[in-house]
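>>> I'll drop the sequence and a predicted model, then ask my questions.
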Amino acid sequence: MKRNIVCFLPPILLKITYKMTDENKNSTGNNIKRYSKVSGTMAGIAVKIAGEKFLGIKIDKEEHAKNLLKSIGNLKGPLMKVGQILATIPQALPPEYAKALQELQSNAPPMGWAFVKRRMKTELGNDWAKKFKTFDKQATAAASLGQVHKAITHDSKEIACKLQYPDMLSAIKADLNQLKIIFSLYEKYDSAISTKLIHSELQERLYEELDYEREAKNCKLFSYMLRNEPNVYIPEVIDELSTDRLLSSTWLHGENLLNFVNSNPEQRNMIALNMFKAWYIPFYNYGIIHGDPHPGNYTVRNDNSINLLDFGCIRIFPAKFVGGVIDLYHALQNGDYNLAVHAYETWGFENLNKEQIETLNIWANFLYGPILEDKIRPIGELTKGIYGKETAQKVHKKLKEIGGITIPREFVFMDRAALGLGSVFLHLKAEINWYQIFNELIKDFNQEEMNIKQQEALVKFNLLTTTKMT
């Protein structure tokens, strides 16, 4: 039956399925194994979606999505991380697949001790163990690109050693090719959103996450940007125990954020407020965001202050982009259509027509809603566990009706981060006057001054260099 369906595939899908087979033949080493684990499932998606669209054959997309999840769930590397990212971008994938990808666990099975010893020897030399007073054999956390081991230095300092899995560059190249195939398939199935620039943005951010030397600089940058915020703590990098594939930093004690969802309202609101500051102070003062607001990247200290962790994924925006965020806020406040158009164009949207602008305004009113009302309120509400689901579906439907839209690169992580934070605030059931907090942050905003501050900070931590991609 599968063969018959393939015979009826349109040329573009035939090209995609052939491309996967061809790449498998020409790949070597670990890439062959990696492709083989995933490509069969990708080809299956091609066949089944094409069969549904062109032959009227109905498929159980939910069941098929679970099969996809099984194929990539145990793969360490970027495809796992990409799946988690895509699941947070409304309508970037069919809902059945997005739901399945949300189930990917960040705590993947860790590398064994023998493997860890070989990796540490590669990073710090034959005598690596002598550089530590103690080094835990068991990883405290294992994620998509690396795992963390707790250690103690000879001066009795508790530290976290994040060790990258081997051959991640090859894995990223392989997985990005697979992602391009997934996107190509989806655009043939649903043309509401062009994914070309989304792929480019994910690619650049993933390559950056491989560079632990850059992440060390990011960590120092955030410590600098939040130096006057007493309720946010950033780890201190241990340079002498760090390389481009090993990042050692001080261990910050704190409890899992989600442990506080049933605590008293005052405590929950205080935690949410500290999180808000940890994320938005760098953005409105320096145009820089922490691009992965996952609950696991925050822990709560005894005094309800916040530890901010994991700086592999940050996004640096030009000052004019931040200006556009503020312009759109005022446009929505005052019903200023022309200012809204200016804001969207500042963000990188091109050749927008009236229908597209009105549709974008639906999404904008949802995102800006909490800061448009001068009152204490929750950030929003969850629909079947997803923040913004109903609005996203409404926007997606309208975009499809009017011919689709190309999402600018800069928009991808900004949108994802806003939704990610909103979801955390909802889990905490926080009720705050978001309007007052936001307006306090932007009251002294000056685009030229921000540009100067940003450039000075990036130069200070040598972050103006280009991303390593080879």
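Yep, it's here.
>>> what strand or helix carries V116?
Using DSSP states H and E, V116 sits within helix 113-124.
>>> mind listing what's buried in that helix?
116, 119-120, 123-124 (16 or more other C-beta atoms under 10 Å). All C-beta atoms are positioned from the backbone trio N, CA, C, and that covers glycine.
>>> contacts for it?
Contact with helix 113-124 is made by 111, 128-129, 131, 135, 137, 139, 149, 163-164, 166, 241, 243, 245-246, as judged by C-beta atoms under 8 Å, 6 or more residues apart in numbering.
>>> let's see it at 10 Å
110-111, 127-132, 135-139, 146-147, 149, 161, 163-166, 212, 240-246, 248 (C-beta atoms under 10 Å, 6 or more residues apart in numbering).
>>> buried ones only from the residues you listed, please, as a PyMOL command.
Applying 16+ other C-beta under 10 Å to the contacts of helix 113-124 leaves a buried subset, and the PyMOL line that selects it is:
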select buried, resi 110+111+128+131+132+135+139+146+147+149+161+163+164+165+166+212+241+242+243+245+246+248
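>>> show me what contacts P370?
377-380, 422, 425, 432-435, 437-438.
>>> per-residue pLDDT, A392?
With respect to pLDDT, A392 scores 71.
>>> thought it was touching K398?
No: counting by C-beta atoms under 10 Å, K398 is not a contact partner of A392; they are 11.0 Å apart.
>>> for stretch 257-268, how far is the first residue from the last?
10 Å (C-alpha to C-alpha, to the nearest Å).
>>> related to what we said a few turns ago, closest one of the contacts of P370 to K354?
G380 (27.2 Å; C-beta to C-beta).
>>> any idea how far the closest one lies from Q393?
Here the criterion is C-beta to C-beta, to the nearest Å. By it, G380 lies 15 Å from Q393.
>>> buried residues in stretch 364-384?
Across stretch 364-384, burial judged by 16+ other C-beta under 10 Å covers 364, 366-368, 370-371, 378-380.
>>> send me that stretch as PDB with only the CA atoms.
Extracted as PDB, the C-alpha positions of stretch 364-384 are listed here (Å, rounded to 0.1, in the frame of the first residue of the first chain):
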ATOM      1  CA  ALA A 364      -0.500  41.200  19.300                       C
ATOM      2  CA  ASN A 365      -3.500  42.000  21.400                       C
ATOM      3  CA  PHE A 366      -3.300  38.600  22.900                       C
ATOM      4  CA  LEU A 367       0.400  38.900  23.800                       C
ATOM      5  CA  TYR A 368       0.100  42.500  25.000                       C
ATOM      6  CA  GLY A 369      -3.200  42.000  26.800                       C
ATOM      7  CA  PRO A 370      -1.800  41.800  30.300                       C
ATOM      8  CA  ILE A 371       0.200  45.100  30.000                       C
ATOM      9  CA  LEU A 372      -2.700  47.000  28.400                       C
ATOM     10  CA  GLU A 373      -4.800  46.800  31.500                       C
ATOM     11  CA  ASP A 374      -3.900  48.800  34.600                       C
ATOM     12  CA  LYS A 375      -5.100  46.300  37.100                       C
ATOM     13  CA  ILE A 376      -4.000  43.200  39.000                       C
ATOM     14  CA  ARG A 377      -4.700  40.100  36.900                       C
ATOM     15  CA  PRO A 378      -3.400  36.700  35.700                       C
ATOM     16  CA  ILE A 379      -1.300  36.700  32.600                       C
ATOM     17  CA  GLY A 380      -4.000  34.800  30.800                       C
ATOM     18  CA  GLU A 381      -5.400  31.300  30.700                       C
ATOM     19  CA  LEU A 382      -4.400  27.800  29.500                       C
ATOM     20  CA  THR A 383      -6.500  26.000  26.900                       C
ATOM     21  CA  LYS A 384      -6.000  22.300  27.200                       C
END
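>>> give me the lowest-pLDDT entry from the contacts of P370.
G380 (73).
>>> so what's it up against?
Shown in contact with G380 (C-beta under 10 Å, 6+ apart): 366-367, 369-370, 387-388, 391, 419, 422-423, 425-426.
>>> those residues: which two are farthest apart?
T391 and F425 (16.3 Å).
>>> looking at the two, which is more packed in?
F425 (25 against 18; other C-beta atoms under 10 Å).
>>> run through the residues that contact the more buried one.
268-269, 271-273, 275-276, 370, 378-380, 387, 431-432, 434.
>>> any idea which element it lies in?
helix 409-427.
>>> and what of Q333?
Going by DSSP H and E, Q333 is part of helix 319-334.
>>> that helix to helix 409-427, inter-axis angle?
Angle, helix 319-334 to helix 409-427, by axes from the mean of the first three to the mean of the last three C-alpha atoms, to 10 degrees: 60 degrees.
>>> buried ones in the helix or strand following helix 319-334?
Later in the chain than helix 319-334, the nearest helix or strand by DSSP H and E is helix 337-347. Neighbour-count burial for helix 337-347, counted by 16+ other C-beta under 10 Å, picks out 339-344, 346-347.
>>> report all helices and strands that helix 337-347 contacts.
helix 319-334, helix 354-372, helix 409-427 (3 or more C-beta pairs under 10 Å, 6 or more residues apart in numbering; DSSP states H and E).
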